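Trainee: give me the fold of what follows.
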Amino acid sequence: MDSYKGQYPVRELATENDNVSSIRFTVGVPSELNHEDASAASAPLNRTDLFWSWQSGYKHLRMDVAPEGGVLKPDNSTTTTWNIHLGSTGCVGSAQTGETVNCSADNRPIIELDVSDIANQQIVIDYGKLVENSSLLNDQGGAPGCMSGPTDLDCPDIFDALGMGLGENSDPTPGQTVFSVETL
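Mentor: Next up, the predicted model:
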């Protein structure tokens, strides 16, 4: 599979005089905003296509692909897309009724990358690395692809690529393979 690489210029994150040796960021919506009412939120949190109604929280990362020929499910039926929807799981409470929402797994990977020349580098996300150990043509059960569930058989390799365990909260780890820094 050819890799798709999304590119995000690093130079916009610092001025020329900054002495920057690394960049650290979290993929996802901050916990305190994650369970608000998407229909009443301001941009960019008003994107209801990035909200999980069944989990009452946002998808921290969403990547959907439509492989040619479709995706074979375990019951031998097919579907058109294989999805990666990364979001918090094991959540209890309701922000809409004033309760604090707590999740057993935030599923928000923390990425830390070394940089050497911030003015001439960019952050790259490599979809090919994210799915290199997954079969996009065969779903292993449940919703097609990885929906972040702790028992979702399509998720362990995705979570490994993001440098975190399935159903665990993330710490910065050198084990992630999806994000990198490249020279422009």
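Trainee: in the chain, which strand is the longest?
Mentor: In terms of residue count, the longest strand belonging to the chain (DSSP state E) is strand 57-65.
Trainee: list the buried ones in it?
Mentor: By 16 or more other Cβ atoms under 10 Å, the buried positions in strand 57-65 come out as 57-61, 63, 65. Just so you know, the C-beta spots here come from the backbone N, C-alpha and C atoms, and that holds for glycine as well.
Trainee: which pLDDT value belongs to the closest residue to Leu137 other than its chain neighbours?
Mentor: Spatial nearest neighbour of Leu137, excluding adjacent residues (Cβ to Cβ, 6 or more residues apart in numbering): Pro67 at 5.5 Å. As summarised for this prediction, Pro67 has a pLDDT of 95.
Trainee: picking up where we left off before, what's the first helix or strand after the longest strand of the chain?
Mentor: strand 71-72 (DSSP states H and E).
Trainee: ok now that next one, how far from the chain's centre?
Mentor: Relative to its chain's centre, strand 71-72 lies at 22 Å (Cα atoms, centre = their mean, to the nearest Å).
Trainee: pull the residues that contact that strand.
Mentor: For strand 71-72, contacts defined as Cβ atoms under 8 Å, 6 or more residues apart in numbering pick out 78-82, 136-139, 144-145.
Trainee: likewise for stretch 26-35?
Mentor: By Cβ under 8 Å, 6+ apart, the residues outside stretch 26-35 that reach it are 45, 56-58, 60-61, 86-88, 91, 93-95, 101, 103, 106-111, 162, 170.
Trainee: show the buried residues in those.
Mentor: Buried among the contacts of stretch 26-35 (16+ other Cβ under 10 Å): 45, 56-58, 60-61, 86-88, 91, 95, 101, 103, 106-111, 162, 170.
Trainee: quick one: the helices in this structure?
Mentor: In the chain, the helices defined using DSSP state H lie at 127-131, 156-161.
Trainee: mean pLDDT, mean neighbour count and distance to Ile23 added to these, as CSV?
Mentor: Output for the helices of the chain, formatted as CSV (pLDDT from 0 to 100; neighbours: other Cβ atoms under 10 Å; distance: least, Cβ to Cβ, whole Å):
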stretch, mean pLDDT, mean neighbour count, distance to Ile23
helix 127-131, 96, 19, 18
helix 156-161, 93, 19, 19
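Trainee: could you list the low-pLDDT ranges of the protein?
Mentor: For the chain, the stretches with pLDDT under 70 are 1-18, 54-55, 168-174.
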